[in-house]
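Novice: next input, structure requested:
(2 chains)
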Amino acid sequence: MTAGPARGGSADDLVEKHVAELDALLHGPSRAKSRLVEEARDGLTETVAVYTGEGEPYERAVHRAVAEFGSARELAASFQRELTIAQARHTARAIALSAPFLLACWFLVQSTGAPQTSAVPRAAQLLATHLATVAGAAVLLAAAALAATGVLARRLPVPHRLPITVAWTGTTASVSMAVATLALATASVLAENWPLTAAACALAAASHAVVAGSARACRRCARLPSGAPVTL
Amino acid sequence: MRQDAVRGHLDGLLLAVLEPAPLHGYAIITAVQQRSGGALELRTGTIYPALNRLERLGLLHSSWEADGGRKRRCYALTDAGARFLADERTAWQDFTAAIGSVLNPVAPHPHPQPHGQGA
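Specialist: This next block holds a predicted model:
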């Protein structure tokens, strides 16, 4: 992350060092992470400004502000909790958006794929049915995760294992998409309506890339220690 | 004040100080301290994930505002946040009334006289 405007001196370095230490401990969607870290830096800078305004020497004001702020290790768990949920929501959205698109492709292939004379396209369609079931289940789980971490969380606590559940749901969906890609690639060689099958294959590959990357990041976040939601 | 004693009420505190007007992170911390007469001192670093969570729940919304050449994220209460705050207040009043009636009884209950005695 980029450093804020430097005013020089070891005190400024201390603020930047503190923020950089916190930044290094956190993992999650880059936008959410940079927003949280930037706000933390802004808060520290503001506190220092208030103390210097009260007449404290600058270096002492920085030390006091950092002490009141909390150490990076103390704060990392509560920050990480939010970032892990943000990553879980990101992954859930990726599943919820890409899986139905994939299902639509499968139905399109099945309805306009012309009579299948070869066993391979028929096998691909059979496989598609099973993969569609997996994709459907993943979408339902993703929708439930989005609800549980959104409006429902006003009244109900977010289950502790929800992020890891979303991560493995995403992993399962991405494996299904990889299998679908291979099956469609095989089918497109033999199918009569090969351009449509090839297009569905490309979409399956793209969906796999998006969901697999997000699921991997979610698994990583879910393994990190994260505290309970901040209360006081 | 012991932080344990107020654990679980941070959401209500943050929403309450944002009720009059939108504030940025540091001003929220200051407002809580001022309203509590200095009794509640928030660990300043914990405020940012808490604000982030309240925004995710739709109880707050935030926007960047320029202030003296700096851009700061300001938080404001949403309609859902105002309703949530009203519920928190009601729950807190019920809770304090119940505990208060046990800790500070207004008048001792008279012992019931057994029927037929004392005449």
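Novice: what about B:Phe84, how many neighbours?
Specialist: 22 (other CB atoms under 10 Å in any protein chain shown). To be clear about C-beta, it is placed using only N, CA and C from the backbone, and glycine gets the same treatment.
Novice: before we move on, what about the one 3 residues further on?
Specialist: Neighbour count for B:Asp87, taken as other CB under 10 Å: 13.
Novice: same check on A:Leu103?
Specialist: Each residue near A:Leu103 was counted by other CB under 10 Å, and the total is 17.
Novice: that one and A:Trp194, how far apart?
Specialist: When distance is defined by CB to CB, to the nearest Å, A:Leu103 is 21 Å away from A:Trp194.
Novice: so for the lengthiest helix in chain A, mean pLDDT?
Specialist: Longest helix in chain A, counting residues (DSSP state H): helix A:72-112. Helix A:72-112 carries an average pLDDT of 84.
Novice: what is the mean pLDDT for the helix or strand following that helix?
Specialist: For helix A:72-112, the following helix or strand on the C-terminal side (DSSP states H and E) is helix A:119-148. Helix A:119-148 comes out with an average pLDDT of 81.
Novice: same for helix A:119-148, what does it pack against?
Specialist: Contacts defined by 3 or more CB pairs under 8 Å, 6 or more residues apart in numbering or on different chains; DSSP states H and E place helix A:119-148 against helix A:72-112, helix A:162-190.
Novice: now with 10 Å?
Specialist: Judged by 3 or more CB pairs under 10 Å, 6 or more residues apart in numbering or on different chains; DSSP states H and E, helix A:119-148 is in contact with helix A:72-112, helix A:162-190, helix A:194-223.
Novice: next, the angle from the one helix or strand A:Thr45 maps to to helix A:194-223.
Specialist: Per DSSP H and E, A:Thr45 falls inside helix A:30-53. Here the directions of helix A:30-53 and helix A:194-223 differ by 40 degrees (axes from the mean of the first three to the mean of the last three CA atoms, to 10 degrees).
Novice: which helix or strand lies directly C-terminal to helix A:30-53?
Specialist: Going down the chain from helix A:30-53, the next helix or strand is helix A:58-69, by DSSP H and E.
Novice: show me what contacts A:Ala178?
Specialist: By CB atoms under 10 Å, 6 or more residues apart in numbering or on different chains, A:Ala178 lies in contact with A:Ala204, A:Ala205, A:Ser207, A:His208, A:Ala209, A:Val211, A:Ala212.
Novice: low-confidence stretches in chain B?
Specialist: Applying pLDDT under 70 to chain B picks out residues B:1-7, B:107-119.
Novice: at 80 instead, please
Specialist: Along chain B, the parts satisfying pLDDT under 80 run over B:1-8, B:41-43, B:67-71, B:106-119.
Novice: to what extent is the closest residue to A:Leu184 other than its chain neighbours buried, counted in neighbours?
Specialist: In this structure, A:Leu184 finds its nearest non-sequential neighbour in A:Cys201, 3.6 Å apart by CB to CB, 6 or more residues apart in numbering or on different chains. Using other CB under 10 Å, A:Cys201 has 22 other residues around it.
Novice: any idea how far A:Cys201 lies from chain B?
Specialist: Using CB to the nearest CB, to the nearest Å, we find A:Cys201 at a distance of 37 Å from chain B.
Novice: quick one: the helices in chain B?
Specialist: Assigned by DSSP H, chain B shows helices spanning B:10-17, B:25-35, B:47-56, B:79-103.
Novice: okay, those in TSV with distance to chain A next?
Specialist: Output for the helices of chain B, formatted as TSV (distance: least, CB to the nearest CB, whole Å):
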stretch	distance to chain A
helix B:10-17	4
helix B:25-35	4
helix B:47-56	4
helix B:79-103	6
